[in-house]
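S.K.: Structure, please.
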Amino acid sequence: MTDANTPPFRGRILVVDDQRNMRATTALLLRAEHYTVFEAATGEEALAQLAGGSIDLLLTDLKMEPMDGLTLLRRALEVAPRLQVIMMTAFGSIESAVEAMRLGAYDYVTKPFKESELRYRVERALERARLLRDVDNLATDFNQRHGLSALVGRSAAMRDLTSRLMRVAQSDATVLIQGESGTGKELVARALHAHSRRKVRSFVPVNCAAISESLLESELFGHAKGAFTGAVKARRGLFEEADGGTLFIDEVTETSPTFQSKLLRALQEGEVRRVGESTALRVDVRTVAATNRDIELEVREKRFRQDLFYRLNVVALRVPPLRERLEDVPSLAEHFLERANARSPKPKRLSASAVAHLMGYNFPGNVRELENLVEQAAALAEGDELLPEDFPLRQGRLTPSHGTPSVAFLDGQGGSRPAGTGPTLAQVVEEAERHAITQALERHGVDLARVADELGVSSTTLWRKMKRLNLRPPADLARE
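M.R.: Sure, this is the predicted structure:
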């Protein structure tokens, strides 16, 4: 337990100076301010201490032997890129101090310095170190919640999506995400942001379908005081809120042609004008848009501006509906159940028969529907294991869609049995593998190298699985 009289931790500082008296005096002054202070007489000694990774601020003299302050600065930032550095220099070496700041030092102080000046510069440097730490923590948390790990699924369709996502994430290219409702378009947009260079700034979402046309312009662009009835004060728009970060415009096809023209201008010019103001404001925003409609049909039928479509559709990402990747249902269901269990005092587990039951459904509501089904089952099921009857599907029965895998399983004697008789989890996974390989074979035929590449396995693994599942390329079957 910490004593009530113990001063709060304020930061770790390493003082480096080859003059013992100067080093000791500086360290004594900083310890009096309740900093944790370490000392080093040479650059090599300082680098050895920095390798431990616990120093927040390096306070080093410029003129030292054998390693001078500039060399120590360069090597220190290689070891700890987030390290804050203040250079101590004599009055006649200001040019060297400026060079140090160009190389990455945060600040410099000239000798002899006043105690108050040193305290001020040290506090500023440590405040910046704390701010950068907070930003890193927020970015890490955002990435954990919204990064690629949140895009659950190993199907070929999802691997293709994540591959394209990673290729475009580091650029500033505008992205158009298309997919049915409930497929996870916003999750894809958040993953783009989490893996971009803008991840330390804001991700700002707006759903055009949820805001009336009269308010949407004000919401995105902001407004001046008195611009309209109720505008009692000036307000920043979401473009300004997203400056330096990512603006996600969901359901963009729900907007009117008039609004689309204003959005197009903002994207083209990189500036916005608040409602009621004549002055434009520059913004640095990466735009990601999404729609659940056939946007090209909307363009052909004159409901969506063609020029705005081309502006948004620089890179296109399609989020597949769940019925096209039913092999992902087991991992998605387990993922949602794990989240539900984290909020429940009575954890549940998923039975193989329940997984088979779910895999025979076409999920018109997509991933969102599966998530709701699992959460409902976890909340209402009486037993510890979730069974098929705990998942009330639409119309009270399975409704497999055309082209989805039949949920029937080998009985070990070459025959098959329906899912309702309770297959094992291994059989559920085997049937998912059979479906994925069969679809890939239909696309690529005898080109097994492409089949293996699409499925993300080696050629040897593919041959082994095909032999176990008694699958052969279509061309081989045609020759018989």
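
S.K.: what's the burial count for the closest residue to residue 68 other than its chain neighbours?
M.R.: Sequence neighbours aside, residue 62 is the residue nearest to residue 68 in space, at 6.7 Å (criterion: CB to CB, 6 or more residues apart in numbering). Any C-beta I mention is one placed from the backbone N, CA and C, and that applies to glycine too. Using other CB atoms under 10 Å, residue 62 has 23 neighbouring residues.

S.K.: Check residue 82 too.
M.R.: 13.

S.K.: Where does the nearest residue to it once chain neighbours are set aside sit, in terms of helix or strand?
M.R.: If the residues on either side of it in the chain are set aside, residue 82 comes closest to residue 132, at 5.5 Å by CB to CB, 6+ apart. Using DSSP states H and E, residue 132 falls within helix 115-146.

S.K.: Pull the distance from the following helix or strand past that helix to the chain's centre.
M.R.: Of the helices and strands lying after helix 115-146 in sequence (DSSP H and E), the nearest is helix 156-169. When distances are taken as CA atoms, centre = their mean, to the nearest Å, helix 156-169 is centred 13 Å away from the chain's centroid.

S.K.: Buried residues of helix 156-169, list them for me.
M.R.: Residues of helix 156-169 classed as buried: 156-158, 161-162, 165, 168-169 (neighbour count, 16 or more other CB atoms under 10 Å).

S.K.: Quick check: pLDDT value at residue 403.
M.R.: Residue 403 carries a pLDDT value of 38.

S.K.: Which helix or strand contains residue 59?
M.R.: strand 57-61.

S.K.: I figured residue 293 was touching residue 250, is that so?
M.R.: No: Residue 293 lies out of contact with residue 250 (CB atoms under 8 Å); the separation is 11.9 Å.

S.K.: between the two, who's got more neighbours?
M.R.: Shown here are residue 293 and residue 250; by other CB under 10 Å, residue 250 has more neighbours (20 against 15).

S.K.: How about the contacts made by the more buried one?
M.R.: Shown in contact with residue 250 (CB atoms under 8 Å, 6 or more residues apart in numbering): 185-186, 189, 205-209, 289-290.

S.K.: ok, residue 238 - contacts?
M.R.: Going by CB under 8 Å, 6+ apart, residue 238 touches 204, 206, 219-220, 247.

S.K.: Now with 10 Å, please.
M.R.: Residue 238 makes contacts with 202, 204-206, 216, 218-222, 247-249, 272, 285, as judged by CB atoms under 10 Å, 6 or more residues apart in numbering.

S.K.: got it, and residue 217?
M.R.: Counting by CB under 10 Å, 6+ apart, residue 217 touches 211, 223, 237, 255, 258-259, 262-263, 274-275.

S.K.: That one sits in which helix or strand?
M.R.: helix 213-221.

S.K.: first vs last residue of stretch 40-58, how far apart are they?
M.R.: By CA to CA, to the nearest Å, the extent of stretch 40-58 from end to end equals 10 Å.

S.K.: Flag every buried residue along that stretch.
M.R.: Neighbour-count burial for stretch 40-58 flags 40, 42-43, 46-47, 49-50, 55-58 (criterion: 16+ other CB under 10 Å).

S.K.: Among those residues, which pair sits farthest apart?
M.R.: Greatest spacing in the buried residues of stretch 40-58, by CB to CB: 42 and 56 (20.7 Å).

S.K.: Check for me that residue 287 belongs to a helix.
M.R.: No: counting by DSSP: H, G, I helix; E, B strand; the rest coil, residue 287 is located in no helix; its state is strand.

S.K.: gap between it and residue 207?
M.R.: Distance, residue 287 to residue 207, by CB to CB, to the nearest Å: 15 Å.

S.K.: One more: residue 189?
M.R.: 12 Å.

S.K.: which neighbours do these two share?
M.R.: Common contacts of residue 189 and residue 207 (CB under 10 Å, 6+ apart): 248-250, 290.

S.K.: Could you tell me which of those belong to strands?
M.R.: 248-250, 290 (DSSP state E).

S.K.: So which of the residues you listed is the closest to residue 279?
M.R.: The shortest approach to residue 279 among those belongs to residue 249, at 23.5 Å (CB to CB).

S.K.: Who are the packing partners of the strand holding residue 59?
M.R.: strand 12-16, helix 20-32, strand 36-40, helix 43-50, helix 69-79, strand 84-90, strand 107-111, helix 115-146 (3 or more CB pairs under 10 Å, 6 or more residues apart in numbering; DSSP states H and E).

S.K.: circling back: tell me which two of the buried residues of helix 156-169 sit farthest apart.
M.R.: 156 and 169 (20.3 Å).

S.K.: roughly how far out does whatever helix or strand residue 374 lives in sit from the chain middle?
M.R.: Take DSSP H and E as the rule and residue 374 turns out to sit in helix 366-380. On the basis of CA atoms, centre = their mean, helix 366-380 sits 24 Å off its chain's mean C-alpha point.
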